[in-house]
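Undergrad: Build the 3D model from these lines:
(one chain, ligands or ions: 2)
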Amino acid sequence: MQLPDYKEARKRHQAKVEKETYVFDNDAVNIGLNKTYHIKTYGCQMNEHDSENIKAMLEQLGFTEEEDMEKADLIILNTCSIRENAHNKAFGMLGRLKHLKEDRKDLIIGLCGCMAQEEKVVEELMKKYKYVNLVFGTHNLHRLPYILNEAFKTRKQVIEVYSKEGNIVEGIPVKRANKFKAFVNIMYGCDKFCTYCIVPYTRGKQRSRDKDDILKEVNNLVKQGYQEVTLLGQNVNAYGKDLDIDYKMENLLEDVAKTGIPRVRFMTSHPWDFTDNMIEMIKKYPNIMPSVHLPVQSGSNKILKLMGRKYTKEEYIKLFDKLKTIPNVTISTDIIVGFPSEEESDFEETLDLVNYCKYDNGYTFIFSPREGTPAAKLKDMSTLEEKSDRLHRLNEIMNKYFLESNQKMVGKVVDVLVDGPSEKEGMLCGYTDTNKLINFVGDESLIGKIIKVEVTDAKTWSLDGKQK
Ligand code: 5AD
Ligand code: SF4
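TA: Ligands and ions are numbered 1, 2, ... in the order given. Predicted coordinates for the structure are as follows:
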């Protein structure tokens, strides 16, 4: 049994990140024969991609995927810790699974992802959720075959969570959810330690993958006919800073663009490390998509400082203006309201910033204290009612700009990578180069292709169009 340890998770040593290679655990071979699995994934793309790894490892062991959770022999929850409601969802699901297990004693339940990295969560699982058979963290995904084998053999609760800063494990198999759009990790972890954020604790030290491993993966995707890669990391612009060679995000962007993959995206960017050279690369290569997610979090310098964001509103705006020189660029953001000691005047500064930036898209959140982070200890001044009111006022303004941004597209012909059937009956949907969702009538043979669509109508969250 190896339990999470927050003190360890907080530390950052100078030691070089070690690279390991995934080795198939022969002892576990065939433990999944004639058994099925179901994975529920919460949270961000990083988790989505981890689940693609988990699925492939399970299939190596003989398991097959079962769409209907209630019928599966093995259920894994890949969890998120970013806000309290993500926690509640996972614990709510565990409650449901308890009932399922009462009827089906041999059901195996696993919990992994960010919540598994939290001391308090694991303590609770050990005390109140004994029926959860296995718990593993974000640093030891690759140990799943071993951990699962132990759980099968011993029928006891097996917990293995590493809290050291994390290595890089190459060669974990992957079962991609999509045949033409792929996630590619370029770095893991985060060293920014924004005071509200749990990620540096759950995902460990910032560590970049070798460029050769990344480019090999992208080249393979190109050979398989993939149309789009999204380069993933908690803070992608810091790519390469921890490597011995002089090779940064701008170099990686250029090399990935040169593989010829039709679309390159990347997320998430921190305003701190966004260089002019990165902007030049986006302008230079038409296959780097002109759409940037640039979380601002707050428009008040007082709050930005308390958040530990390391930039001022003025510096953010300077970068924002530079990004706006990329032709047709769209910019989205994340904003937190109700951070401890946020006053009405601070919030109004956030509104002023939104009125300046007129974002094309974005996500807004009420501050959620995360145990173990510095902001969780700060005195909270506003009531939930005030926070909800701020969120509501912010959303009204944000939504107005999303709609305006979409309305500007009407009449234009855009490139769309067709995803599949739309939620709108009888229509297809896909994303424009600028990352806008568009619905249109078309034949299913278009799925996975990049086609021209004329924008005919604009909504707040999507466009309508017709194929050209
Ligand atoms: N409370 C509310 N929102 C948070 N985010 C991160 N941590 C918290 C928190 N403790 C938001 C940030 C981040 C996005 C992924 O989630 O806006 O950019
Ligand atoms: Fe992703 Fe962060 Fe949630 Fe973990 S805590 S799943 S890294 S969003």
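Undergrad: What about Lys466, how many residues nearby?
TA: Burial measure for Lys466: 12 neighbouring residues, criterion other Cβ atoms under 10 Å. Where you see a C-beta, it was placed from the backbone N, CA and C, and this is true even at glycine.
Undergrad: State the distance from it to Ile438.
TA: Separation of Lys466 from Ile438 (Cβ to Cβ, to the nearest Å): 10 Å.
Undergrad: what's the weakest-modelled helix or strand in this protein?
TA: Among the helices and strands of the chain, helix 6-10 carries the lowest confidence by mean pLDDT, DSSP states H and E, at a mean of 78.
Undergrad: List the contacts of Lys211.
TA: Remark: with contacts taken as Cβ atoms under 8 Å, 6 or more residues apart in numbering, Lys211 is in contact with Gly240, Tyr247, Asn251, Leu252, Asp255.
Undergrad: Give the residues shared as contacts by Lys466 and Ile438.
TA: Common contact partners of Lys466 and Ile438 (Cβ under 8 Å, 6+ apart): Val453.
Undergrad: bridging residues for Ser291?
TA: With DSSP bridges as the criterion, Ser291 is bridged to Thr330.
Undergrad: can you count the residues close to it?
TA: Residues within reach of Ser291, counting by other Cβ under 10 Å, total 23.
Undergrad: hmm, who's touching the helix or strand that contains Ala90?
TA: When elements are assigned from DSSP states H and E, Ala90 belongs to helix 84-103. Here helix 84-103 makes contact (Cβ under 8 Å, 6+ apart) with 40, 42-43, 70, 75, 77, 79-81, 107, 109, 111, 115, 121, 129, 131-132, 368-369.
Undergrad: Now narrow those residues to whatever sits close to ligand 1.
TA: Ser368 (Cβ under 6 Å from any ligand atom).
Undergrad: rewinding a little: which of the contacts of Lys211 has the largest number of neighbours?
TA: Most neighbours among the contacts of Lys211, by other Cβ under 10 Å: Leu252, with 26 neighbours.
Undergrad: Check that residue and give its pLDDT.
TA: Per-residue confidence at Leu252 stands at 98 (pLDDT).
Undergrad: from what I can see it touches Ile214, true?
TA: Yes. Leu252 is within contact range of Ile214, at 6.8 Å (criterion: Cβ atoms under 8 Å).
Undergrad: which residues do the two both contact?
TA: Shared contacts of Leu252 and Ile214 (Cβ under 8 Å, 6+ apart): Ile186, Leu231.
Undergrad: Quick one: name the residues of the stretch 151-300 of the chain near ligand 1.
TA: By the rule Cβ under 6 Å from any ligand atom, the part of the stretch 151-300 of the chain lying against ligand 1 is Tyr196, Cys197, Pro295, Gln297.
Undergrad: Tabulate those in CSV, adding columns for pLDDT.
TA: Shown next, in CSV, are those (pLDDT from 0 to 100):
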residue, pLDDT
Tyr196, 98
Cys197, 97
Pro295, 98
Gln297, 98
